[in-house]
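**Student:** Sequence first, then the predicted structure, then my questions.
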Amino acid sequence: MFRRLPICKFTNHFRRYFLSRGSHIQSQFSTESFARTLCDDNGQRNQEIDFEFLFQSCNKTHLAKCLHALLVVSGKAQSIFISSRVVNLYAYLGNVPLSRCTFDHMPRKDAYTWNSMISAYVRNTQFHEAANCLCEMLLNSEVRPDFYTFPPVLKACRSLYDGKKIHGYVYKLGFEWDVFVAASLVHMYCRFGSPEVAHKIFINMPSRDRGSWNAMISGFCQNGNSAEALGVLEEMRLEGMKMDCITVSTILPACAQMDDILHGMLIHLYVIKHGLEFDLFVCNALINMYAKFGNLGNAQKIFDQMLIKDLVSWNSIIAAYEQNANPDIAINFFGGMQSNRIQPDVLTLVSLASSIAQTRDCQNGKLVHGFILRRCWFADDIVIGNAVVDMYAKLGIIDYARRVFEGIPFKDVVSWNTMITGYGQNGLASEAIKIFCMMEEAVDITPNQGTWVSILPAYSHLGALKQGMSSHGRILKAALHLDVYIGTCLIDLYGKCGRLDDAMALFYEVPRTSSVPWNAIISCHGIHGHGETSMHLFRAMQDEGVKPDHVTFLSLLTACSHCGLVDQGQWCFHAMQEEYGIEPSLKHYGCMVDLFGRAGYLEKAYNFIKTMPRQPDASVWGALLGACRIHGNVELGKVASDCLFEVDSENVGYYVLLSNIYANIGKWEGVDEVRSLARDRGLKKTPGWSSIEINNRIEVFYTGNQSHPHSEEIYKELETLTAKLKIIGYIPDYNYVLQDVEDDEKEYILMSHSERLAIAYGIISTPPKSLVRIFKNLRVCGDCHNMTKFLSKATEREIIVRDSNRFHHFKDGICSCGDYW
């Protein structure tokens, strides 16, 4: 506390100044109080001024200047302590130039003065100037730094190199073992990703306070070393040091990262036992931890019992429900937040945008977009721009997503990744690749883990093996190939491009402690028709102690369906419920219907649907309709289509399936009726296309396409090949021509199917007997399938065709699917 200082002879001048400004500053700096300080009740001058009161009252720069002037004219500015306090005052008000000016005019400076100036720079994020100020102190001043000099400077370090230089000064001056300096060194090394160096400093500290323990635990958590953080916590406990609110809120995220709910609940018990359960930071951390474990009940209880809820509390509970696929409840909490007059911030809107994307509510999505635009948050924070791009992409409004993406002023790598993923999720793989190429041309943007996880599925979708292999090379160079998610995407790439051996080799390289790589390799074998191998891999997964999830069983059921393994598929369906407690989703039920239907058990499939505990969706009825198409069951197909159009009347693929059922039996009036219904609803059939990669270029062929530069050669080659194949037994199957035309025209229509055009182009563009690999966006035509078998024998080539369902490996007149697909 300041002593009362004698008043100077110019006091009346400042009194008149403050009183004249009273109407403007009475809320910040009470003029009446100031007047009382200068004068007594009779208007006579007091002999003392309460400078402590004046320092506390200055919350504007112009008031601080007035006080500074008063200190100068009173002669009190000569005091090092008071001048240092003026330096600090200007810094707190954000006026660093005035702080520096005051500092420079001080005739004498001590360590406290220098520390004040350094802290002023750090407090206002002028880190370079803070470092320069320290150098000036060390080189041009006779004042020796003390224990309080280095903590703010270490906070200001912009690189590990700068930090090491400061560490050298600390070591040289003998401050390394001061508890505050050492804790700051621990913070600094952890911030720059060197927790092992920080830990060496920590273990060599002669004494450690709670702040030091918290710094080390926090450092390990920040660098993803959750196990080490828990280890330090155990050491802390053994040394008899109790956890405080900071310790608890720091360590709880580590429990979530380690998937260690037991440890988390024990810490929660400690919190209750030591009376920390109502601390705001602890409650927020507990909500986040339980949300990560999917335990929304406990998260909700903690939120409800909180005496005070801040913005972070509301954000935490909204994010908890959003991240655990409860978007409606998350949106309700947003409404509760507004009712409590808590203003949302960027993180609130990020969770809200994700929740709306999950509910598929396009109208509310646009409202959120408008809310953000009105507050100009796109310019302030790139995170919100990325969230809106992601929201529109997940809502399927990809044009809006692209428009928002283009409007983001400064795009980071997450912005590009989000746009690439958005196109990929909407089946626009070519556009995803174009965005990736644009990203490559952007300045200061380097692909990261998220980029490769986004772009590799696009290559898989198009079958762009060579581009995928090029990316694989870059991933190896960046030493990211052992990342489980990138490794899984590479497994998926090679598996879906027909390179199962390479996929298996990669599978044995990546960490296999989670279900993610197992699911990918099981799925790859399934789409290649190797159902038994998929089952064998599942047993190996069990032997290695890896717990399967719902995706594992979805991959297994799909593999069994493609291979006709009805008994094994039924076993998987029961095992997932009885042995692993996984509740089947509608996708699992759809796979079971597909399993029975493909095998010809149509009535069994229909009865299975009728006994489902959940309301069947389009995927379930669609599977039954597809099976009716394969086996020509018109009656059941009509039942399935009627139910299907009730739940999804906008999917043109289902109209095509029903139309094909009628066409197969020559019921053309039924065909016309279904096609007319689709036209009336404004639906258009998805055009069939096939692609082939030749000389690092992907060529795409549409059915009946004659615009390709080599079109004449392709059709001529097809005519020649068809004639040769007829000699060795090929007979065109006109049942696959779904138009009521003459036979000669039917043969031409079959010959112009996209898969035949792509294969013919591959034959004329590659050396004899070399592999031909094509990709089709729809199910391969039955006649094309038969023709390709003959073609593989006649040309002595292996031909690999990937359609929308699976792979077909044609060799020596035989297909790997065994004509079951």
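**Tutor:** Cool, got the structure.
**Student:** can you pull the contacts of the residue nearest to L71 when sequence neighbours are not counted?
**Tutor:** Leaving aside its chain neighbours, L71 sits nearest to A77 (4.4 Å; criterion: CB to CB, 6 or more residues apart in numbering). Quick note: C-beta positions are derived from backbone N, CA and C, even for glycine. By CB atoms under 8 Å, 6 or more residues apart in numbering, A77 lies in contact with H68, L71, S83, V86.
**Student:** Was I right to think the first one contacts S83?
**Tutor:** Right, the one you point to is H68. No: between H68 and S83 there is no contact under CB atoms under 8 Å: 9.3 Å.
**Student:** list residues touching both of these two?
**Tutor:** Contacts common to H68 and S83, judged by CB under 8 Å, 6+ apart, are A77, T102.
**Student:** The two: which has the busier surroundings?
**Tutor:** Each of H68 and S83 has its neighbours counted (other CB atoms under 10 Å); S83 has more, 24 against 19.
**Student:** got the buried residues for the top helix by length along the chain?
**Tutor:** Using DSSP state H, we find that the single longest helix of the chain is helix 711-727. For helix 711-727, a neighbour-count test (16 or more other CB atoms under 10 Å) marks I714, Y715, E717, L718, L721, T722, L725 as buried.
**Student:** so what secondary structure elements neighbour it?
**Tutor:** helix 743-751, helix 754-765, helix 782-795 (3 or more CB pairs under 8 Å, 6 or more residues apart in numbering; DSSP states H and E).
**Student:** Switch those over to a markdown table; also include mean pLDDT, distance to Q363 and mean neighbour count.
**Tutor:** Shown next, in a markdown table, are the helices and strands packed on helix 711-727 (pLDDT from 0 to 100; distance: least, CB to CB, whole Å; neighbours: other CB atoms under 10 Å):
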| stretch | mean pLDDT | distance to Q363 | mean neighbour count |
| --- | --- | --- | --- |
| helix 743-751 | 83 | 44 | 15 |
| helix 754-765 | 94 | 38 | 23 |
| helix 782-795 | 93 | 44 | 21 |
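**Student:** Nearest to R499, out of these?
**Tutor:** Proximity to R499 (CB to CB) singles out helix 754-765 among the helices and strands packed on helix 711-727, at 16.9 Å.
**Student:** What helices and strands are in contact with that closest one?
**Tutor:** Short answer (3+ CB pairs under 8 Å, 6+ apart): helix 754-765 packs on strand 689-694, strand 697-702, helix 711-727, strand 772-776, helix 782-795, strand 799-802.
**Student:** switch the cut-off to 10 Å
**Tutor:** Helices and strands touching helix 754-765, as assessed by 3 or more CB pairs under 10 Å, 6 or more residues apart in numbering; DSSP states H and E, comprise strand 689-694, strand 697-702, helix 711-727, helix 743-751, strand 772-776, helix 782-795, strand 799-802.
**Student:** and it with helix 743-751, angle?
**Tutor:** Computed by axes from the mean of the first three to the mean of the last three CA atoms, to 10 degrees, the angle separating helix 754-765 from helix 743-751 equals 70 degrees.
**Student:** and stretch 229-246, how far out from the chain's middle?
**Tutor:** The chain centre lies 32 Å from the centre of stretch 229-246; the measure is CA atoms, centre = their mean, to the nearest Å.
**Student:** repeat for stretch 121-138
**Tutor:** Put simply, stretch 121-138 sits 37 Å off its chain's centre (CA atoms, centre = their mean).
**Student:** any residues touching it, and which ones?
**Tutor:** Applying CB atoms under 10 Å, 6 or more residues apart in numbering, the external contacts of stretch 121-138 come out as 88, 91-96, 99-100, 103, 109, 111, 113-115, 117-120, 143-145, 149-158, 162, 165-166, 169, 172-173.
**Student:** Mark which of those residues are buried, thanks.
**Tutor:** Applying 16+ other CB under 10 Å to the contacts of stretch 121-138 flags 88, 91, 93, 95-96, 99-100, 103, 109, 111, 113-115, 117-120, 143, 145, 149-157, 162, 166, 169, 173 as buried.
**Student:** any idea how far S460 is from the residue nearest to L71?
**Tutor:** Using CB to CB, to the nearest Å, we find A77 at a distance of 72 Å from S460.
**Student:** which residues sit in contact with the residue nearest to C245 when sequence neighbours are not counted?
**Tutor:** For C245, ignoring the flanking residues on the chain, the nearest one in space by CB to CB, 6+ apart is D279 at 4.7 Å. Contact partners of D279, counting by CB under 10 Å, 6+ apart, are D244, C245, I246, V248, S249, V271, A285, L286, M306, L307, I308.
**Student:** do C497 as well
**Tutor:** By CB under 10 Å, 6+ apart, the neighbours of C497 are 459-460, 462-466, 468-469, 503, 693, 773, 775, 800, 802, 807.
**Student:** mind running it again at 8 Å?
**Tutor:** Contacts of C497 (CB under 8 Å, 6+ apart): S460, G463, L465, G468, R773, R802.
**Student:** Look up how far M504 lies from it.
**Tutor:** Applying CB to CB to C497 and M504 gives a distance of 14 Å.
**Student:** swap in C221?
**Tutor:** Taken as CB to CB, the span from C221 to M504 is 37 Å.
**Student:** If you count surrounding residues, which of these two has more?
**Tutor:** C221 (22 against 17).
**Student:** The more buried one against A229, yeah?
**Tutor:** Yes: counting by CB under 8 Å, A229 is a contact partner of C221 at 4.9 Å.
**Student:** Now for those two: what residues contact both?
**Tutor:** T250, I251, A254.
**Student:** what helix or strand is the last one on?
**Tutor:** A254 belongs to helix 245-257 when elements are defined using DSSP states H and E.
**Student:** What ranges does the stretch 201-350 of the chain have for its helices?
**Tutor:** Secondary structure of the stretch 201-350 of the chain, counting by DSSP state H, counting those that start in this stretch: helices at 210-222, 226-238, 245-257, 261-273, 280-292, 296-305, 311-323, 327-339, 346-359.
**Student:** Dump those helices into a markdown table; add distance to D672 as well.
**Tutor:** Below are the helices of the stretch 201-350 of the chain laid out as a markdown table (distance: least, CB to CB, whole Å):
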| stretch | distance to D672 |
| --- | --- |
| helix 210-222 | 67 |
| helix 226-238 | 64 |
| helix 245-257 | 59 |
| helix 261-273 | 61 |
| helix 280-292 | 55 |
| helix 296-305 | 53 |
| helix 311-323 | 48 |
| helix 327-339 | 42 |
| helix 346-359 | 39 |
